[in-house]
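Engineer: predicted model follows, preceded by the sequence.
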Amino acid sequence: MRRVLRILFFCIISFKLLPILVAEELRIATYNLNNYLVTDRFVDGRWRPSYPKPEKEKAIIRQIIKDVSPDVLVLQEMGSIDFLYELRADIAREGIHYDYFVHMEGADQNRYLAVLSKRAPKAVLKHQDLNFKYFEGREVVKRGMLEMTFELTCGTKFQLFAVHLKSRYTDKKEDQQSSLRRVREAEVCRNRIIERIHDQGTDKYLIVGDFNDYPSSATMRRFYRRGNFEIGALVPAADSRGELWTYFYERESRYESVDGFVASSAFMAMIKSKCAKIVDSLGALTGSDHRMVYLDLMLPATAQVKK
C-alpha cells in the first residue's frame with residue numbers, strides 16, 4: 001500500500017512540474033484625448049479661457065481605458081507631464097496600473113505624445129530632430145516621433161513608432177488645411193522609420209497614432225510604400241456596428257477615419273483576426289472627439305511550469 005501511495009505521490013508531483021503551453025496576448029491602443037490640458041474651451045455652452053479639461057470628460061476617458069485595459073496605450077493631445085501623472089494615478093485608483101510611462105516633449109509646447117504601458121520597454125528613443133523643407137524655410141515635426149522597443153516572453157521583439165501629425169489648422173494661404181505640411185511630416189517620419197528598422201534589423205514594427213488624414217490620402221500613402229520598398233499596410237478597423245470613423249469633426253459635422261495603425265507584414269501576421277477595433281461605448285464622444293482604436297496580438301505559445 002505504501003509503495004502505491006509513493007508512486008501516486010511522485011506521479012502527482014511530476015504532473016505538476018510538467019511544462020504547459022501558454023499563448024501570450026498583448027493589447028495595443030491609440031487614443032487622442034482632445035486637449036487633456038489647460039486651454040481655452042467651451043464648457044456647458046460657455047466660453048472658458050485657460051480652463052482645464054472638465055472632470056466629466058476625464059471620467060469618461062478613464063472608464064474607456066478601464067473597459068479596454070490596453071497593455072500599451074499611446075496617447076495624443078496630452079498636456080504637460082503633470083497631467084500624465086494625474087491620469088496615471090486616477091486610473092490606478094480604479095484598478096488599472098501602468099508601471100511604465102513616457103512623456104514626449106516637442107516643438108508644440110501645449111500638446112504632447114505620451115505612452116502608458118504595463119510592459120517594460122527594452123528601449124525608448126525620442127525623435128525630436130525631424131525637420132523638413134517647407135516653402136522657403138525649414139520646419140520641424142511639431143510633436144516629434146516616439147520609438148519604443150518591446151521584447152515579449154516568447155522572445156518576440158517589435159518596434160512601435162508613435163506619431164501625431166499636423167492638424168488642418170493653418171496660417172498659410174499657400175497650404176490650405178496644412179495638407180503639404182502634413183505630407184512633409186509624414187515623409188520625414190517615414191524616412192526615419194526606414195532607417196531605424198534597417199539599423200535594428202527588424203521586420204516587426206507598428207506605426208501608431210493620429211495621422212490627421214484619411215486612409216487613401218497622400219499623407220497616409222507615405223507610410224505604405226517608398227519606391228519599391230513596402231513599409232506596411234493600414235490595419236482595418238471598425239466598431240461593433242461596422243462603422244469605420246474614429247473622429248468627429250464638429251466644425252463641418254463630419255465623421256472621419258484618422259486614427260489607427262500601419263503594420264509591417266510580419267507584424268500584421270501577429271494581429272488577432274488581422275483587424276483592429278474602434279470603441280463605441282455610450283458617451284465616448286463626450287470624453288473626446290476621437291474614439292480609441294485597439295488591436296490584440298496573438299503570440300507564439302511558450303512553455304511554463306505548472307504550479
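Structural biologist: Received the coordinates, thanks.
Engineer: if you count neighbours, what's buried in the strand ranked longest in the chain?
Structural biologist: In the chain, taking DSSP state E as the definition, the longest strand is strand 19-36. Residues 26-36 are the ones in strand 19-36 that count as buried (16 or more other C-beta atoms under 10 Å). Backbone N, C-alpha and C define where each C-beta goes, glycine included.
Engineer: what's the farthest-apart pair in these?
Structural biologist: Comparing every pair within the buried residues of strand 19-36 by C-beta to C-beta identifies 26 and 35 as the most remote, at 28.9 Å.
Engineer: that older thread, which other helices and strands does the longest strand of the chain contact?
Structural biologist: When contacts are defined as 3 or more C-beta pairs under 8 Å, 6 or more residues apart in numbering; DSSP states H and E, strand 19-36 sits against helix 55-68, strand 72-78, strand 157-164, strand 205-210, strand 259-263, strand 293-305.
Engineer: among the buried residues of strand 19-36, which one sits closest to residue 72?
Structural biologist: So of those, ranked by how close each gets to residue 72 (C-beta to C-beta), first place is residue 28, at 4.7 Å.
Engineer: dump the residue contacts of residue 73.
Structural biologist: Shown in contact with residue 73 (C-beta atoms under 8 Å, 6 or more residues apart in numbering): 28-31, 65, 98, 115-117.
Engineer: from the residues you listed, which two are the most distant?
Structural biologist: Going by C-beta to C-beta, the pair spanning the contacts of residue 73 furthest: 30 and 98, at 15.0 Å.
Engineer: any idea how far residue 40 lies from residue 60?
Structural biologist: 21 Å (C-beta to C-beta, to the nearest Å).
Engineer: neighbour count winner among these two?
Structural biologist: When residue 40 and residue 60 are compared for neighbours, residue 60 comes out ahead with 19 against 10, by other C-beta atoms under 10 Å.
Engineer: next one: residue 111 from residue 139, what distance?
Structural biologist: According to C-beta to C-beta, residue 111 and residue 139 sit 16 Å apart.
Engineer: between the two, which is the more surrounded one?
Structural biologist: Neighbours were counted for residue 111 and for residue 139 using other C-beta under 10 Å; residue 111 has more, 21 against 17.
Engineer: confidence score at residue 307?
Structural biologist: pLDDT recorded at residue 307 is 50.
Engineer: let me fix that: residue 14
Structural biologist: Looking at residue 14, its pLDDT is 53.
Engineer: which parts of the stretch 201-307 of the chain are strands?
Structural biologist: For the stretch 201-307 of the chain, the strands defined by DSSP state E, counting those that start in this stretch occupy 205-210, 225-226, 229-230, 233-234, 237-238, 247-249, 254-256, 259-263, 276-278, 293-305.
Engineer: now swap in the stretch 51-200 of the chain and tell me
Structural biologist: According to DSSP E, counting those that start in this stretch, the strands that the stretch 51-200 of the chain contains are 72-78, 100-104, 112-117, 123-127, 131-134, 137-140, 145-151, 157-164.
Engineer: among the ones you listed, which is nearest residue 48?
Structural biologist: Evaluated over these, closeness to residue 48 peaks at strand 72-78, with 17.4 Å, by C-beta to C-beta.
Engineer: okay, angle between that closest one and strand 112-117 too, please.
Structural biologist: 160 degrees (axes from the mean of the first three to the mean of the last three C-alpha atoms, to 10 degrees).
Engineer: and stretch 113-131, how far from the chain's centre?
Structural biologist: Centroid separation for stretch 113-131 versus its chain: 11 Å, with C-alpha atoms, centre = their mean, to the nearest Å.
Engineer: can I assume residue 240 is in contact with residue 281?
Structural biologist: No: using C-beta atoms under 8 Å, residue 240 makes no contact with residue 281, being 9.2 Å away.
Engineer: more neighbours: which of these two?
Structural biologist: Shown here are residue 240 and residue 281; by other C-beta under 10 Å, residue 281 has more neighbours (15 against 10).
Engineer: hang on, that one packs against residue 61?
Structural biologist: No: with contact defined as C-beta under 8 Å, residue 281 does not count as touching residue 61 (11.2 Å).
Engineer: quick one: the longest helix seen in the chain to chain centroid distance?
Structural biologist: When the chain is parsed with DSSP state H, its longest helix is helix 179-200. Centroid displacement of helix 179-200 relative to its chain, using C-alpha atoms, centre = their mean, is 17 Å.
Engineer: so what does that helix touch, helix or strand wise?
Structural biologist: Against helix 179-200 (3+ C-beta pairs under 8 Å, 6+ apart) you get strand 123-127, strand 131-134, strand 145-151, strand 157-164, strand 205-210, helix 218-224, strand 225-226.
Engineer: possible to save these as TSV with distance to residue 107?
Structural biologist: TSV is the format used below for those (distance: least, C-beta to C-beta, whole Å):
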stretch	distance to residue 107
strand 123-127	12
strand 131-134	10
strand 145-151	12
strand 157-164	12
strand 205-210	16
helix 218-224	19
strand 225-226	25
